[in-house]
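In: Below is the sequence, then the predicted model.
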Amino acid sequence: MTIVVPAETTAHNETAFRATVIISRVLTYGALLLWAFICLFPIYWTVTTSMKVAVDVTQGHLLPWGDFKPDWRGWRSLGLSPDTIFGTSTVRSEFLSRFGNSVVTSIGASTLAVIIGSLAAYGLSRFEYKFAWMRNKDISFFFLSQLILPPVVLALPFLVLYRELALLDTTVGLMLLYTLTVLPIVIWIMRDQFDTIPIELDEAALVDGLSVWGAFWHIILPIALPGMVAAYILSIVLCWNEYFFAALLTSSDAKTLPVMVASQTGSQGINWWSMAALSTTAIAPLAIIGIFLERYIVKGLTAGAVK
């Protein structure tokens with residue numbers, strides 16, 4: 001028995017299906033646009049605040065050339081406006097010094113953390129260790145548990161230690177401390193990365209005559225490169241944004257950009273325009289890194305999620 005469906009019914013079903021698909025896409029893209037607006041609005045607020053005067057900041061004006069007329073006041077206070085960029089500026093020299101300190105400490109600490117953390121993660125992934133009652137899982141948890149420790153607990157010990165070692169107010173001291181700070185995260189990411197690589201590749205490399213170091217360097221490391229890049233970028237972000245130890249262990253020479261941003265508050269109030277301009281320069285490098293290396297970040301952080 002053959003059932004004949006009227007053409008009108010078929011056309012009606014197709015129309016309803018298309019309408020459902022269109023509505024679903026509109027809702028999906030609308031939700032994504034709303035979330036993008038929520039995420040990007042603080043950046044927009046920061047950039048526009050750097051071009052406002054005090055009245056525009058306090059009254060919450062949002063739209064340039066609509067609610068307020070943009071002004072280079074925030075950038076002029078740093079010597080970075082178009083009319084002051086080529087002149088002599090003490091504040092600009094200080095900014096460049098703080099910016100350079102942030103670059104050196106972040107890149108140096110992240111590089112050390114990735115090198116040491118990758119070796120430690122490879123060992124925990126490929127070999128069995130025994131330290132007292134601790135095994136590989138216990139050692140990995142010990143590294144990860146260091147993230148639970150509040151930084152303020154380490155304030156006094158590091159002050160005393162760095163005073164004895166003459167590391168106070170030095171970029172080397174900050175670099176070493178930042179390395180210890182981000183090392184657990186690097187080990188965590190890289191161990192998951194190495195666990196996704198079959199151990200048979202190591203065994204095949206050893207059979208072909210490579211040493212353990214040779215197998216790691218020539219076979220495993222190129223495969224784990226996306227995870228290393230992700231761990232490196234995450235380490236740079238964490239080191240770049242760190243404020244507590246930078247304010248605690250430095251006084252003049254080794255101060256970083258976050259400390260300079262916080263210093264815009266004073267007894268006479270907050271220089272919102274200067275703070276916004278400084279914040280914009282601090283956000284820009286991380287935004288550029290995120291845009292150009294986003295695929296490595298996604299690959300590295302999702303490694304091990306599906307096995």
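Out: Looks like it came in fine. Being a predicted model, the structure only gives us computed values, none of them experimental.

In: phi, psi of residue 86?
Out: For residue 86, the backbone dihedrals are phi -100, psi 0 (criterion: degrees, to the nearest 10).

In: give me the number of residues near it?
Out: Residue 86 has 8 neighbouring residues, counting by other C-beta atoms under 10 Å. (C-beta placed from N, C-alpha, C; glycine too.)

In: now swap in residue 171 and tell me
Out: Neighbours of residue 171 using other C-beta under 10 Å come to 20.

In: cool, and residue 289?
Out: 16.

In: So what does it have for phi and psi?
Out: Backbone torsions for residue 289, taken as degrees, to the nearest 10, come to phi -60, psi -40.

In: Over to the one 4 residues further on?
Out: Here the main-chain torsion angles of residue 293 (degrees, to the nearest 10) amount to phi -120, psi 20.

In: Hmm, residue 234 and it touching each other?
Out: No. Here residue 293 does not reach residue 234: they are 10.9 Å apart, not a contact under C-beta atoms under 8 Å.

In: So the two - more neighbours on which side?
Out: residue 234 (20 against 16).

In: all strands of this protein, in order?
Out: 265-266, 269-270 (DSSP state E).

In: And the average pLDDT for the last one is what?
Out: Model confidence over strand 269-270 averages 74 on the pLDDT scale.

In: so what strands line up beside that strand?
Out: For strand 269-270, the paired strands and their directions (DSSP bridges) read strand 265-266 (antiparallel).

In: hmm, back to that, tabulate the strands of the chain in TSV, adding columns for distance to residue 224 and mean neighbour count.
Out: Below are those laid out as TSV (distance: least, C-beta to C-beta, whole Å; neighbours: other C-beta atoms under 10 Å):
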stretch	distance to residue 224	mean neighbour count
strand 265-266	43	10
strand 269-270	45	10
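
In: Which stretch among those approaches residue 67 most closely?
Out: Ranking the strands of the chain by proximity to residue 67 (C-beta to C-beta) places strand 269-270 first, at 20.5 Å.

In: Residue 49 touches residue 270, doesn't it?
Out: No. Using C-beta under 8 Å, residue 49 makes no contact with residue 270, being 10.9 Å away.

In: re the thing from before, is it possible to get TSV of the strands of the chain that adds distance to residue 216?
Out: Compiled in TSV, the strands of the chain are given as follows (distance: least, C-beta to C-beta, whole Å):
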stretch	distance to residue 216
strand 265-266	49
strand 269-270	51
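
In: Nearest to residue 256, out of those?
Out: strand 265-266 (16.6 Å).

In: how's this protein carved up into domains?
Out: Domain assignment of the chain by automatic domain parsing yields the ranges 7-72, 90-302.

In: To residue 82, which of those domains lies closest?
Out: When the domains of the chain are compared (using C-beta to C-beta), the closest one is domain 7-72, at 6.8 Å.

In: so who does the closest residue to residue 182 other than its chain neighbours touch?
Out: Nearest residue to residue 182 in three dimensions, chain neighbours excluded: residue 235, at 4.3 Å (C-beta to C-beta, 6 or more residues apart in numbering). When contacts are counted by C-beta atoms under 8 Å, 6 or more residues apart in numbering, residue 235 touches 106, 109-110, 113-114, 182, 185-186.
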